[in-house]
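Participant: Pasted the sequence and its predicted model underneath.
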Amino acid sequence: MQKLHISTETNTLKKVLVGIANDRGKKVHENNPKISKHLMQGTLPTENTLVKQVNRFADLISEISDAEVLRPVNVKEQDQIFTRDIGFVINDNFVLANMKKTNRKPEQQGLINLLETIDKSKILTPPENANVEGGDVIVHGKYIFVGLTARTNFAGFEFLRNNFPNNEVIPFQMFVTDNPATNILHLDCSFQPVGSKYAILYENGFVHHPDVLFDIFGERNIIKVTQYEMYHMFPNIFSINPELVISDKSFVRLNEMLESKNIKVVTSDYQEVAKFGGLFRCSTMPLIRE
């Protein structure tokens, strides 16, 4: 049985499950306003393009780190890019997400090999009424930040609070709209810690101003992004360690700001994947960080 460990978003990555983009099937599920927009405009990418971008991202992690990169078992005609949502690790526990969208539940079949390596006593399953997805859960030391969205409800927050009594579990009500320019699909579309002390933040993604994040990180350590940048998913980069991140090559302003804070940025092209509402963080399920 392997021992899992995730206590931050940025500590050195040792093992991670990265999504796959092949064998997606022909049906497009309009799971969020961004997908609906691109479907209507006829601008959704081909499966071949998605496979290239996702595989390049997975290869890049291997190239720039010593982390072990796993991939899910293929589930026939199923979208399996965004592994973050279907399960996640907090401390040494694996939480099997309770997905809101019925069409996404089969993705968890791709975890069969992984789950066999985890002590069953360390696998937590939310009750039926508690929806929680990994995109809404961010671990930061003693804190667990939880986004309340169309995918994660208050019962999901309570499930985490009850199962992690030694952590301070903090909920945030996020803006949920039918407009792809303003809708916040998950917490990590508006916020993510980066480096040793910084955070990327889209303030207007929160129904109430996230004062607690300013208290925890400090005003000078928060990298604010605009609505345009949020829409293109600037907060959804991926940390290899506190001094190294993977970001999209089009995120010029953010990448320059990170470099100015002594965080090295390695870039990849992921904007076609982004049309489905997720980016680098969404495509990963970290299992072990130092």
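Facilitator: Sure, I can see it.
Participant: how about the strands of the stretch 1-150 of the chain, start to end?
Facilitator: 13-18, 68-70, 87-90, 93-96, 123-124, 137-140, 143-148 (DSSP state E, counting those that start in this stretch).
Participant: The last one - which strands sit beside it in the sheet, and in what orientation?
Facilitator: In the sheet, strand 143-148 lines up against strand 137-140 (antiparallel), strand 168-173 (parallel) (DSSP bridges).
Participant: out of these, deepest packed?
Facilitator: strand 137-140 (a mean of 23; mean count of other C-beta atoms under 10 Å). All C-beta spots, glycine's among them, are computed from the backbone N, C-alpha and C.
Participant: Report whether Asn204 is found in a strand, as I expect.
Facilitator: No: secondary structure of Asn204 (DSSP: H, G, I helix; E, B strand; the rest coil): helix, not part of a strand.
Participant: For the nearest residue to it once chain neighbours are set aside, grab phi and psi.
Facilitator: Once flanking residues are discounted, Asn204 sits nearest to Gln227: 6.5 Å by C-beta to C-beta, 6 or more residues apart in numbering. When quoted as degrees, to the nearest 10, the phi and psi of Gln227 stand at phi -60, psi -40.
Participant: Distance check, Gln227 against Ala181.
Facilitator: 7 Å (C-beta to C-beta, to the nearest Å).
Participant: again, but for Asp215
Facilitator: In terms of C-beta to C-beta, Asp215 sits 29 Å off from Ala181.
Participant: Identify the residues contacting Thr8.
Facilitator: Val139, His140, Gly141, Pro193, Arg289 (C-beta atoms under 8 Å, 6 or more residues apart in numbering).
Participant: Make TSV out of those and add pLDDT.
Facilitator: Shown next, in TSV, are the contacts of Thr8 (pLDDT from 0 to 100):
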residue	pLDDT
Val139	98
His140	98
Gly141	98
Pro193	98
Arg289	98
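Participant: So which elements touch the helix ranked longest in the chain?
Facilitator: Looking across the chain with DSSP state H, the single longest helix is helix 47-64. For helix 47-64, the elements it packs on are strand 13-18, strand 68-70, strand 244-248, strand 264-268, helix 271-274, judged by 3 or more C-beta pairs under 8 Å, 6 or more residues apart in numbering; DSSP states H and E.
Participant: hmm, who's touching the shortest one?
Facilitator: For strand 68-70, the surrounding residues in contact (C-beta under 8 Å, 6+ apart) are Lys14, Lys15, Val16, Leu17, Val18, Ala58, Ile61, Ser62, Leu114, Leu287.
Participant: and the residue nearest to the last one when sequence neighbours are not counted, how many neighbours?
Facilitator: Distances taken as C-beta to C-beta, 6+ apart put Lys15 closest to Leu287, at 4.4 Å, once the chain neighbours are dropped. Neighbouring residues of Lys15 were enumerated by other C-beta atoms under 10 Å; the total is 18.
Participant: With distance to Pro171 added, can I get the contacts of Thr8 in a markdown table?
Facilitator: Putting those into a markdown table (distance: C-beta to C-beta, whole Å) gives the following:
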| residue | distance to Pro171 |
| --- | --- |
| Val139 | 14 |
| His140 | 14 |
| Gly141 | 17 |
| Pro193 | 17 |
| Arg289 | 24 |
